[in-house]
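> turn this into a model:
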Amino acid sequence: MKRRINLLPFAIFTAFFIFFNAYVLSGLTTVISSKILITIFWIFVVTISISILYAIQRMRAKGTDLFFTIATHLFLIFFVAEVIFAVFLLFGDIYRLILSVFSNFQTEGFHWVARSEYWVDFALAIFGLTVILFIYGITKGKYAYRVIKHTLYFDDLPDAFDGFKLTQISDVHAGSFTNPKAVQKGIDLINEQKSDLFVFTGDLVNNAASEIVPYIGHFSQIKAPFGQFSILGNHDYGDYVKWPTEIDKIKNLQQLKTYHADLGFKLLLDEHVELTKNGQKIILAGVENWGIGFGERGDLKKALQNTLPNDFKILLSHDPSHWDAQVKEFPSKIQLTLAGHTHGMQFGIEAFGIKWSPVKYRYKHWAGLKSENNRYLNINRGFGFLGFSGRIGIWPEISVIELKRKLN
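From the prediction side, this is the model:
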């Protein structure tokens, strides 16, 4: 017996999609009266819609390829720009509806106040600006590395580590890179910081260990006097692709661990190391990925086994939800946690006192520093990119944190 397919949701979505585009077109024809425009608009909408549907179907069978990337990005750029244009257009229509009601209050019948061509021109300018921003994000923004520096003060930091500096990056996603020269600029910027310690907080690849191979020569250049340390992120386990066998998946993870060593990174798997200086020490611990909805593999107790409550501790944990769930209330104080994972969704605004990204609706704190219970969390915005091959407003980050002893 064949399974019956419910076409109602598809029909509703199609009707809404047609209505939405018709509304956008009504705004365009306010300032550009042309039958050719109408024809070109609908041909473009239909073409890009068929392309994205075909790309998704193709991806399910063959994985992502250049066609999938082009189709999804064209659709994303056009659709987001349309939505922004439609929002501005709607504000203008609501305003003219109010004007129409008041102007016709004492007259018979109802007559619309005409749309303001100036307002539609403004909405169209915003449409164009959106397209330009997306093009910049795809071509330049994804490699526009930023160094973000923090100085943190602790009353329990060992004296020998006063002024100790560390550099953190996260979420490399090497399989997304297409420009080795641009990546090298990021590597050079990391080394320019001349930090005492370098840490990487997970997601070296998108899925397959082989993705990092073309960039081993780049990331192996990163050196720090106290070493280079790393952890795994949710993508590193290969959970998001179908493997021929479970053994292939296991081999992929083992190979990825080998590549960490080839990079010169000491991979911390629910374990810790002691960093010593002038007879004093701090603890650097790392856990396997622990994230709500992304696999709770990490074992914090195991990672801190044989450490003391009054030891100064830095924890590497890929997913910031771990900090809220376990770390900030952990009986043995962890002074600083370094995470990544969110990417700041690679889209948002951090300017003029505004800090916003759609990812805030999934993670309350999604980038930068947070402090609670005299413990700090730093969420790196990511070195690479995933899904959307670009960044807009949330630029790739190199975090530099200096530890200072608080004076009594």
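> strands of the stretch 251-400 of the chain, start to end?
All strands of the stretch 251-400 of the chain, identified by DSSP state E, counting those that start in this stretch, fall at 266-267, 271-277, 280-286, 313-316, 336-339, 349-351, 354-356, 368-372, 375-379, 397-405.
> could you do the stretch 51-200 of the chain as well?
Along the stretch 51-200 of the chain, counting by DSSP E, counting those that start in this stretch, strands occupy 146-154, 164-169, 197-200.
> how about those strands, which one is nearest Leu89?
strand 146-154 (34.4 Å; CB to CB). Bear in mind the C-beta positions are built from the backbone N, C-alpha and C, glycine included.
> partner strands of that closest one, parallel or antiparallel?
Here strand 146-154 has these sheet partners by DSSP bridges: strand 397-405 (parallel).
> what comes up buried for the partner strand?
Glu397, Ile398, Ser399, Val400, Ile401, Glu402, Leu403, Arg405 (16 or more other CB atoms under 10 Å).
> for stretch 366-382, same thing?
Residues of stretch 366-382 classed as buried by neighbour count (16+ other CB under 10 Å): Trp366, Ala367, Gly368, Lys370, Arg375, Tyr376, Leu377, Asn378, Ile379, Asn380, Arg381, Gly382.
> farthest-apart pair in these, please.
Spatial extent of the buried residues of stretch 366-382 (CB to CB) is set by the pair Arg375 and Gly382 at 22.6 Å.
> just to revisit the earlier point, can I get the buried residues of strand 397-405 in a markdown table with pLDDT and distance to Ile132?
Formatted as a markdown table, the buried residues of strand 397-405 follow (pLDDT from 0 to 100; distance: CB to CB, whole Å):
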| residue | pLDDT | distance to Ile132 |
| --- | --- | --- |
| Glu397 | 98 | 23 |
| Ile398 | 98 | 26 |
| Ser399 | 98 | 29 |
| Val400 | 98 | 31 |
| Ile401 | 98 | 34 |
| Glu402 | 98 | 37 |
| Leu403 | 98 | 41 |
| Arg405 | 95 | 47 |
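> contacting residues for the closest residue to Thr178 other than its chain neighbours?
With sequence-adjacent residues excluded and distances taken as CB to CB, 6 or more residues apart in numbering, Thr178 is closest to Ser389, at 7.8 Å. Neighbouring residues of Ser389 by CB atoms under 8 Å, 6 or more residues apart in numbering: Thr69, His73, Ile138, Lys142, Ser176, Thr178.
> from those residues, which is closest to Ile247?
Within the contacts of Ser389, the smallest distance to Ile247 is 26.7 Å, found for Ser176 (CB to CB).
> just checking, that closest one touches Phe385?
Yes - with contacts counted by CB atoms under 8 Å, Ser176 reaches Phe385, the gap being 5.4 Å.
> ok, the two, which is more surrounded?
Phe385 (23 against 19; other CB atoms under 10 Å).
> list the contacts for that one?
Lys142, His173, Ser176, His343, Gln346, Arg391, Pro396.
> which one of the residues you listed is nearest Ala182?
So of those, ranked by how close each gets to Ala182 (CB to CB), first place is Lys142, at 8.3 Å.
> buried deepest among the strands of the stretch 51-200 of the chain, which one?
By mean neighbour count, with neighbours taken as mean count of other CB atoms under 10 Å, strand 197-200 ranks first of the strands of the stretch 51-200 of the chain at a mean of 25.
> which strands and helices sit next to that strand?
Packing contacts for strand 197-200, counted by 3 or more CB pairs under 8 Å, 6 or more residues apart in numbering; DSSP states H and E, involve strand 164-169, strand 228-230.
> just the angle between the first one and strand 375-379, please?
I take that to be strand 164-169. 40 degrees (axes from the mean of the first three to the mean of the last three CA atoms, to 10 degrees).
> elements contacting strand 164-169?
strand 197-200, strand 397-405.
> rewinding a little: nearest to Ala86, out of the helices and strands packed on strand 197-200?
Taking the helices and strands packed on strand 197-200 one by one with CB to CB, strand 164-169 is closest: 37.9 Å.
> sorry, back to before: got the strands of the stretch 251-400 of the chain as CSV, with distance to Trp119 columns?
Output for the strands of the stretch 251-400 of the chain, formatted as CSV (distance: least, CB to CB, whole Å):
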stretch, distance to Trp119
strand 266-267, 57
strand 271-277, 60
strand 280-286, 54
strand 313-316, 51
strand 336-339, 44
strand 349-351, 23
strand 354-356, 24
strand 368-372, 37
strand 375-379, 39
strand 397-405, 38
